[in-house]
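K.L.:
structure for the following, please:
(chains A and B)
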Protein chains: 2
Amino acid sequence: MARNFDVVAMGNAIVDVIAPVDDGFLLTHNIAKGVMTLIDEYRANQLYHALSERREIAGGSAANTMAGLASLGARGMFVGKVKADRLGESFAASLKDIGVHYATVPASDGPPTASCLIAVAPDGQRSMNTYLGASRELSPADIKKTDIADADVLYIEGYLWDTQSAKAASRKAIAIAKETGTKVAFTLSDPFCVGRYREEFLELLESDLDILFANEDEAKALFEAEAFDEVLQHAGRWGGIAALTRSEKGCVAVRGQEVHVIDAAPVARVVDTTGAGDQFAAGFLYGLVRGKGLGICGRLGALAAGEIISHYGARPETSLEVLATEAAML
Amino acid sequence: MARNFDVVAMGNAIVDVIAPVDDGFLLTHNIAKGVMTLIDEYRANQLYHALSERREIAGGSAANTMAGLASLGARGMFVGKVKADRLGESFAASLKDIGVHYATVPASDGPPTASCLIAVAPDGQRSMNTYLGASRELSPADIKKTDIADADVLYIEGYLWDTQSAKAASRKAIAIAKETGTKVAFTLSDPFCVGRYREEFLELLESDLDILFANEDEAKALFEAEAFDEVLQHAGRWGGIAALTRSEKGCVAVRGQEVHVIDAAPVARVVDTTGAGDQFAAGFLYGLVRGKGLGICGRLGALAAGEIISHYGARPETSLEVLATEAAML
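P.N.:
Below is the predicted model:
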């Protein structure tokens, strides 16, 4: 039976609020330039109102991957929690705009919708201030069996392990996927995230995952490996599909004894590497759901990552479908 | 039965003649700065005498690999042709100095010993003028069955295919190796060399070789591949041991379905990449003859290549055995 969606993704539902500022603003508001800082509700509210010329766009790792998949022409669904407030509506509208199905019921009380306030200085440096808010409230009740069953692949971001209820929601979705034949893909999200949940992630890998996304640092943290080749040998023994990204060194795609070494896509000028991993996952997953060989999946991932790092912002500015068609990958 | 040598290598026997020059010298003698030019006997003679403060050292690709193997503590033999002249004696002495066995009978007539006149300008750029001379006279009569049978590995440089008699000598050595259980290793030498003998090299690969050394450009030329991953898939299907070098991207070592992705060794400053491939082969072969796993072989190759590119000259300046011991690879 054909399913209605290529990928259903679960992740933190975060609205990126992007605004130009001058260096005086950063000083006045005590913002550390060029880094990501977790902030609380009070400060999020304060900063939000201080910013002008704000541009709002659905963000978060897995949601950005869905934007990439949509740009490639895939049919995607996103599951993540917002509150029924203005930013929550903005998040939903932003996904709807690009054709990603989003039907998670917004929370009617509790913390407001998560936001990442991004202050862009005149020199282009981005200072990110993340407030997780309602995104942490995702719970098993938000997972519908039909949603999971209706997709070829379930894609989950590791960040969800930071909240007990979101983790429980993920485990429920995985259990349904195993039952309904939906493949389970997982991204390790961040080396610190791996550090916090290493044992659980390893168990997940052995018991539940079909597809693993990890950058080199995350994979080294997971397997406690010093050299990349150790990671590769672990991944080969595991036997599932591992997509291992290595920044400018490209990526290595593994499925048991099948190994592909793919170069990074040539990029005239690297502007901003934020979101490269999310778009790599989009390209790679697209290849998989379209039945492409692992080598092409890796090249599609590299192509999508190459597009994103050539400009500011974590969503494609050029149609990935057009780029991939031009590169004769589709 | 234990053999007396780890590796017996065959290659062009060339004396590197290195001398400092000023830019005026390059102009006066019409030397193209920074490139390698093939020259004839007359010009070799003329340039040789014009250079002062000459330093002479046995060179040539496979001979440099033997110098690396000696630096690692391996027992090596070299087979290559010089003439019984002063440079020929210099070549023999230079190999003897580092403990590489060399007993090929020098030619008593014909062209003089091959030389590569290397003019080093004040800015460090090297202009290489290569005269192949007697090295092209290597013939089947120079191949002794006992020499081949007495080594674990026979290592041949592809450059020998440029001369009919040297190629015939190589084929004789390969036939003996097949008979006596000596493994056959081959380096593709140069993308242009592959272009000239592609069909023959492919046939050699299928019929005779156990171990293939190639840099990315050479391997792409051999398999007529556009992307490195295509090379990798070809090498895997072949089934022998392929050591594929990728400059700053490190190397990939393959044996059928076993694949290792090894990073380049960290180098504080890349001074001169001449001879990196030759030393990589030395490190890799050393690992093989010592029974190391393919991943360690690749790391030994990367270590040796890293040493050579951190200074001028194609022979190790620091004991590779000490470096490899410090890196806990031995």
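K.L.:
where does the prediction get shaky in chain A?
P.N.:
The model of chain A has pLDDT under 70 over residues A:1.
K.L.:
switch the cut-off to 80
P.N.:
Counting by pLDDT under 80, chain A has low-confidence residues at A:1, A:35-36, A:124, A:272, A:274, A:312.
K.L.:
how about the residues of it near chain B?
P.N.:
Counting by Cβ under 8 Å from any Cβ of the partner chain, chain A comes close to chain B at A:227-229, A:232-233, A:236, A:249, A:252, A:257-263, A:295, A:298-299. Quick note: C-beta positions are derived from backbone N, CA and C, even for glycine.
K.L.:
one more time with 10 Å, if that's ok
P.N.:
Residues of chain A found near chain B (Cβ under 10 Å from any Cβ of the partner chain) are A:216, A:227-233, A:236, A:244, A:246, A:248-250, A:252-254, A:256-264, A:293-296, A:298-299.
K.L.:
out of those residues, which are inside helices?
P.N.:
The helices in this structure, assigned by DSSP state H, contain A:216, A:228-233, A:236, A:294-296, A:298-299 from those.
K.L.:
just the buried residues of the residues of chain A next to chain B.
P.N.:
Using 16 or more other Cβ atoms under 10 Å in any protein chain shown as the burial test, those include A:216, A:228-233, A:236, A:244, A:246, A:249-250, A:252-254, A:258-264, A:294-296, A:298-299 as buried.
K.L.:
follow-up on the earlier one: which member of the ones in helices among the residues of chain A next to chain B is positioned nearest B:Asp152?
P.N.:
Of all those, A:Asp229 has the smallest distance to B:Asp152: 24.8 Å, by Cβ to Cβ.
K.L.:
which residues touch that closest one?
P.N.:
Taking Cβ atoms under 10 Å, 6 or more residues apart in numbering or on different chains, we find A:Asp229 in contact with A:252, B:250, B:252-253, B:259-263, B:294-296, B:298-299.
K.L.:
separation between it and B:Glu326?
P.N.:
Distance, A:Asp229 to B:Glu326, using Cβ to Cβ, to the nearest Å: 20 Å.
K.L.:
okay, helices next: where are they in chain A?
P.N.:
A:23-28, A:41-50, A:61-71, A:86-97, A:145-149, A:164-180, A:191-207, A:216-223, A:228-238, A:276-289, A:294-308, A:320-326.
K.L.:
B:Asp16: which of those is closest?
P.N.:
Among the helices of chain A, helix A:228-238 comes nearest to B:Asp16, with 34.2 Å by Cβ to Cβ.
K.L.:
which residue would be the closest one in the stretch 1-150 of chain A to chain B?
P.N.:
Closest residue of the stretch 1-150 of chain A to chain B, Cβ to the nearest Cβ: A:Leu72 (20.5 Å).
K.L.:
what about that residue, how many neighbours?
P.N.:
29 (other Cβ atoms under 10 Å in any protein chain shown).
K.L.:
just checking, A:Arg198 touches A:Lys220?
P.N.:
No: A:Arg198 is beyond contact range of A:Lys220, at 11.4 Å (criterion: Cβ atoms under 10 Å).
K.L.:
more crowded one of those two?
P.N.:
A:Lys220 (20 against 15).
K.L.:
ok, back up a step: as JSON lines, the helices of chain A with distance to B:Arg136 would be great.
P.N.:
Formatted as JSON lines, the helices of chain A follow (distance: least, Cβ to Cβ, whole Å):
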{"stretch": "helix A:23-28", "distance to B:Arg136": "68"}
{"stretch": "helix A:41-50", "distance to B:Arg136": "75"}
{"stretch": "helix A:61-71", "distance to B:Arg136": "57"}
{"stretch": "helix A:86-97", "distance to B:Arg136": "70"}
{"stretch": "helix A:145-149", "distance to B:Arg136": "70"}
{"stretch": "helix A:164-180", "distance to B:Arg136": "67"}
{"stretch": "helix A:191-207", "distance to B:Arg136": "56"}
{"stretch": "helix A:216-223", "distance to B:Arg136": "47"}
{"stretch": "helix A:228-238", "distance to B:Arg136": "40"}
{"stretch": "helix A:276-289", "distance to B:Arg136": "50"}
{"stretch": "helix A:294-308", "distance to B:Arg136": "42"}
{"stretch": "helix A:320-326", "distance to B:Arg136": "49"}
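K.L.:
identify the farthest-apart pair in the ones in helices among the residues of chain A next to chain B.
P.N.:
Based on Cβ to Cβ, the longest span within those runs between A:Glu230 and A:Ile296 and measures 26.6 Å.
K.L.:
neighbours of A:Val21, how many?
P.N.:
Neighbours of A:Val21 (other Cβ under 10 Å): 20.
K.L.:
who's in contact with it?
P.N.:
A:28-29, A:31, A:50-53, A:118-122, A:127.
K.L.:
gap between the two ends of stretch A:47-61?
P.N.:
Stretch A:47-61 has an end-to-end distance of 22 Å (Cα to Cα, to the nearest Å).
K.L.:
quick check: phi and psi on the closest residue to A:Tyr286 other than its chain neighbours?
P.N.:
Spatially, and ignoring its direct neighbours in sequence, A:Tyr286 is nearest to A:Leu72 (4.4 Å; Cβ to Cβ, 6 or more residues apart in numbering or on different chains). A:Leu72 adopts backbone torsions of phi -90, psi -10, taken as degrees, to the nearest 10.
K.L.:
give me the residue from the stretch 51-200 of chain A nearest chain B.
P.N.:
Closest point on the stretch 51-200 of chain A to chain B, by Cβ to the nearest Cβ, is A:Pro191, at 17.8 Å.
K.L.:
and the nearest residue to A:Tyr131 once chain neighbours are set aside, what is it in contact with?
P.N.:
Closest residue to A:Tyr131 apart from its sequence neighbours, by Cβ to Cβ, 6+ apart: A:Ala44 at 3.7 Å. Counting by Cβ under 10 Å, 6+ apart, A:Ala44 touches A:17, A:87, A:111-117, A:129-133.
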